[in-house]
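K.L.:
Next come a sequence and a model predicted from it.
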Amino acid sequence: MSGGHRLGRRFGWLWGAYGTSALGTWLAFGAFSLIAIRVLHAGPAEVAALSCVGAAVGAAVAVPLGPWVEFRRKRQVLIAMDLVRFAALLTIPTAFALGVLTFLQLLLVSVVVAAADITFRAASGAYLKTLLPSEDLLVANARFESTAWTTTIIGPPLGGAAVGLLGPVATVLADAVSYLLSALGIRATGGHEPPPEPRQAARMRAGDLLDGWRHILADRALRPLLFNTALFNGLVMATEPLLAVLMLGRLGFAPWQYGLAFAAPSIGGLLGSRLARPLVTRFGQHQVLVTVGALRALWPIGLAFPAPGTGGLLLVTGVEFGLIFCCGVLNPVCATYRLQRTATDRATRTLSAWAVTTKASTALLTALWGVLGSLLGPRAAIGLAGVLLLATPLLLPRRAAAPLREPDRHRHRPAEELDGDPIGVVAADGQAQAVAADHPHVLVLTASYGGARFPGSGGARARRW
């Protein structure tokens, strides 16, 4: 593994599966809109509905899935959600080949994929907590973030070339195959997953749907962080269509210039994700969370002031670089903070509620800013969003909160989960005790066997633990 910090074979498979599906997603970036416009000859209202309605309805569909997933083994859920997305996306090239593709099918597939994506993200966070100890979560989340920005850099150009050669439907097929490969990668993680906590009630009740939000709103650290995330992400995403109208319309930038202004700054996200762990080690988790969370709010207002020509292009590129760099640092820190503040037996419900809230707020604010853009003009609407974003640091947690103390699920793991060669040996009486010595695979010696006690360690029986 990169970075000199090994997280084991099982995480390696999970990381590879994530990278594969992320690359497929960015290869197909914008493919649904292109299919709607080029193949189905849809108008602006239909394309906007495809972006907003699909995400909003998908978030609503995902609400009951969080409590349902909580009491099931997460690896099986991850595989199932990958296969659902594979099957749903595969219907599009199939229908296109048969000449029966419709806009309604595109809309339904976008809903299914959005719901499966939220469920997958929630289950993956809970699964990661069972896979790694708390001190390794930041390293893992930083690697996911780094992979996300890497695929953001290379995916759209490759996808654009594929669209030019083969059409947008081909990129949807590639996206579908990436989910199938992801499912196979997650299946290859193997090992033993701790069983979920048993459900107290025999059947899921309506009140169970709100468990995730109850936990977040009752936690003095997570509550402001959710409000900050929902408002920040929603306002930033709401300005993207307006910025496209401003740059491609009134300012006269070519499509390749517009794409370059957003692709090149993604390098900042890659750099930021690599710095997340060193910054937390030096300054502390809460200090990084508050400082970088405040710094990222300073950038978006600059997007209201681009001018035509090279200067305007450099301004947008520089603002996006600063914004994405801060997000690259903050995202893995925030994800780790959220996991450490949530007990394992409620992680899926909490992460599902978090994802539903941010998705819904983004859809709502995007629709609202579309109306404001029509009334005030795109530049004024972008500026208004930038001013509001300056207030979002007030919603960050003011005081550091200690992570929850949970039983260490990783100290005594079955042998089939462990990687590498045994390097630790210890003698114990009655029950085995492991010494990891910075490596998870340990040879354990027990000083008693079959009820008979052996003096010292000379008669100890070696076994895998």
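P.N.:
Great, that's in hand. Numbering: from 1, shown residues only.
K.L.:
Poorly predicted segments of the protein, please.
P.N.:
Residues of the chain that meet the criterion pLDDT under 70 lie in 1-4, 44-45, 48, 197-208, 402-465.
K.L.:
ok, now how distant is the residue nearest the centre of it from Leu78?
P.N.:
The residue lying closest to the centre of the chain (Cα atoms, centre = their mean) is Arg121, at 5.9 Å. Computed as Cβ to Cβ, to the nearest Å, the Arg121 to Leu78 distance reads 10 Å. All C-beta atoms are positioned from the backbone trio N, CA, C, and that covers glycine.
K.L.:
does the residue nearest to the centre of the chain sit in a helix or strand, and which one?
P.N.:
helix 103-131 (DSSP states H and E).
K.L.:
what element comes up after that helix heading to the C-terminus?
P.N.:
helix 137-166.
K.L.:
helices or strands up against that next one?
P.N.:
Under the contact criterion of 3 or more Cβ pairs under 8 Å, 6 or more residues apart in numbering; DSSP states H and E, helix 137-166 touches helix 9-27, helix 31-34, helix 103-131, helix 168-188, helix 255-263, helix 266-283, helix 310-340.
K.L.:
Using PDB, write out every CA atom in the fourth one.
P.N.:
Written as PDB, here are the backbone C-alpha positions of helix 168-188 (Å, rounded to 0.1, in the frame of the first residue of the first chain):
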ATOM      1  CA  PRO A 168     -22.500   8.300 -24.600                       C
ATOM      2  CA  VAL A 169     -24.200   4.900 -24.300                       C
ATOM      3  CA  ALA A 170     -20.800   3.200 -24.400                       C
ATOM      4  CA  THR A 171     -19.700   5.100 -21.200                       C
ATOM      5  CA  VAL A 172     -22.800   3.900 -19.400                       C
ATOM      6  CA  LEU A 173     -21.900   0.400 -20.300                       C
ATOM      7  CA  ALA A 174     -18.400   0.900 -18.900                       C
ATOM      8  CA  ASP A 175     -19.900   2.300 -15.700                       C
ATOM      9  CA  ALA A 176     -22.100  -0.700 -15.400                       C
ATOM     10  CA  VAL A 177     -19.200  -3.100 -15.800                       C
ATOM     11  CA  SER A 178     -17.200  -1.100 -13.200                       C
ATOM     12  CA  TYR A 179     -19.900  -1.900 -10.600                       C
ATOM     13  CA  LEU A 180     -19.700  -5.600 -11.500                       C
ATOM     14  CA  LEU A 181     -15.900  -5.500 -11.000                       C
ATOM     15  CA  SER A 182     -16.400  -3.700  -7.700                       C
ATOM     16  CA  ALA A 183     -18.800  -6.400  -6.500                       C
ATOM     17  CA  LEU A 184     -16.200  -9.000  -7.300                       C
ATOM     18  CA  GLY A 185     -13.500  -7.000  -5.500                       C
ATOM     19  CA  ILE A 186     -15.600  -6.700  -2.400                       C
ATOM     20  CA  ARG A 187     -16.400 -10.400  -2.500                       C
ATOM     21  CA  ALA A 188     -12.600 -11.100  -2.600                       C
END
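K.L.:
buried set for whichever helix or strand comes after it?
P.N.:
Downstream of helix 168-188, the first helix or strand assigned by DSSP H and E is helix 211-218. By 16 or more other Cβ atoms under 10 Å, the buried positions in helix 211-218 come out as 211-213, 215-216.
K.L.:
Could you export the residues you listed as JSON lines, including distance to Leu365?
P.N.:
Putting the buried residues of helix 211-218 into JSON lines (distance: Cβ to Cβ, whole Å) gives the following:
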{"residue": "Asp211", "distance to Leu365": "26"}
{"residue": "Gly212", "distance to Leu365": "21"}
{"residue": "Trp213", "distance to Leu365": "19"}
{"residue": "His215", "distance to Leu365": "24"}
{"residue": "Ile216", "distance to Leu365": "19"}
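K.L.:
could you measure the nearest residue to Leu27 once chain neighbours are set aside against Leu372, distance?
P.N.:
Leaving aside its chain neighbours, Leu27 sits nearest to Gly159 (4.1 Å; criterion: Cβ to Cβ, 6 or more residues apart in numbering). Here the criterion is Cβ to Cβ. By it, Gly159 lies 31 Å from Leu372.
K.L.:
what do you get for Leu246?
P.N.:
Distance from Leu246 to Leu372, by Cβ to Cβ: 13 Å.
K.L.:
So these two - more neighbours on which side?
P.N.:
Leu246 (23 against 18; other Cβ atoms under 10 Å).
K.L.:
ok, for the more buried one, nearest residue in space, not its chain neighbours?
P.N.:
Pro378 (4.4 Å).
K.L.:
Looks like the one you found contacts Leu242 (just checking).
P.N.:
Yes: using Cβ atoms under 8 Å, Pro378 is in contact with Leu242, at 4.1 Å.
K.L.:
more neighbours, those two?
P.N.:
Neighbours were counted for Pro378 and for Leu242 using other Cβ under 10 Å; Leu242 has more, 25 against 22.
K.L.:
what about that one, distance to Gly43?
P.N.:
Leu242 is 19 Å from Gly43, by Cβ to Cβ.
K.L.:
ok, residues contacting stretch 16-34?
P.N.:
47, 50-51, 82, 106, 110, 124, 144, 147-148, 150-152, 154-156, 158-159, 162-163, 168-169, 171-172, 174-179, 181-186 (Cβ atoms under 8 Å, 6 or more residues apart in numbering).
K.L.:
Now list the buried members of the residues you listed.
P.N.:
Buried among the contacts of stretch 16-34 by 16+ other Cβ under 10 Å: 47, 50-51, 82, 106, 110, 124, 144, 147-148, 150-152, 155-156, 159, 162-163, 168-169, 171-172, 174-179, 181-183, 185-186.
K.L.:
ok so Pro308 is a strand residue?
P.N.:
No: Pro308 sits outside any strand when classified using DSSP: H, G, I helix; E, B strand; the rest coil, being coil.
K.L.:
List phi and psi for it.
P.N.:
Backbone dihedrals for Pro308, given as degrees, to the nearest 10, come out at phi -60, psi 150.
K.L.:
got the contact list for it?
P.N.:
251-253.
K.L.:
so how far is Met247 from it?
P.N.:
9 Å.
K.L.:
Touching both of the two, which residues are there?
P.N.:
Contacts common to Pro308 and Met247, judged by Cβ under 8 Å, 6+ apart, are Phe253.
K.L.:
Can you check the contacts of Pro308 and name whichever has the most neighbours?
P.N.:
That'd be Phe253 among the contacts of Pro308, by other Cβ under 10 Å, with 22 neighbours.
K.L.:
what's the nearest residue to it if we skip its chain neighbours?
P.N.:
Closest to Phe253 by Cβ to Cβ, 6+ apart is Met247, at 4.6 Å.
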